[in-house]
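Participant: Here is my input, please return the structure:
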Amino acid sequence: MKRKAYQADGAVAVGPYSHAVGAGEYIFLSGQTPLDSVTGKLKEGGISEQTKQCFENLFKVLESARLTSDHVEKVNVYLSDMNDFEAMNAVYAQQFKEPYPARTTIGVASLPLGANVEIEMIARK
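Facilitator: Numbering: from 1, shown residues only. Just a heads-up that it's a prediction; the model follows:
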């Protein structure tokens, strides 16, 4: 079976991967770092601005699959500094309605391009 890939205008890929891949009723979104699609550079500012940019990028990918944040079932958040958890969480809470998707937040040693946050999602049609 051929892989169904989604590429979103305005979302940047920094490697050989698809923005998202469909498998049955599920869409697996690749992790998005806070790259500004206009400048091609990391979003300036702190963790709040970077988290918002990650979601902007991810929601563009969802749109390319004709989905919205209401279709998101699971989110994985990777933070290079767990001291940023509260600020990330405040931005995160504004992205979804209750009941919220399942989520895992993981502290990591580093992220691509020196990002402070990377977020990936699984959505269901």
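Participant: if I read this right, residue 20 contacts residue 61, doesn't it?
Facilitator: Yes. At 5.1 Å, residue 20 and residue 61 qualify as touching, with contact defined as CB atoms under 8 Å. Quick note: C-beta positions are derived from backbone N, CA and C, even for glycine.
Participant: Overlap in contacts, those two.
Facilitator: 6, 8, 29-30 (CB atoms under 8 Å, 6 or more residues apart in numbering).
Participant: If any of those residues are buried, put those into a ChimeraX selection.
Facilitator: Here is the ChimeraX command that selects the buried residues among the shared contacts of residue 20 and residue 61 (16 or more other CB atoms under 10 Å):
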select :6,8,29,30
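Participant: between the shared contacts of residue 20 and residue 61, which is closest to residue 48?
Facilitator: Ranked by distance to residue 48 (CB to CB), these are led by residue 29 at 21.2 Å.
Participant: partner residues bridging that closest one?
Facilitator: For residue 29, the beta-bridge partners are residue 20, residue 121 (DSSP bridges).
Participant: For it, which residues are in contact?
Facilitator: By CB under 8 Å, 6+ apart, residue 29 lies in contact with 19-20, 58, 61-62, 120-123.
Participant: change it to 6 Å
Facilitator: Residues near residue 29 by CB atoms under 6 Å, 6 or more residues apart in numbering: 20, 58, 61, 120-121.
Participant: ok so, going back, TSV for the shared contacts of residue 20 and residue 61, including pLDDT?
Facilitator: Below are these laid out as TSV (pLDDT from 0 to 100):
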residue	pLDDT
6	92
8	86
29	97
30	96
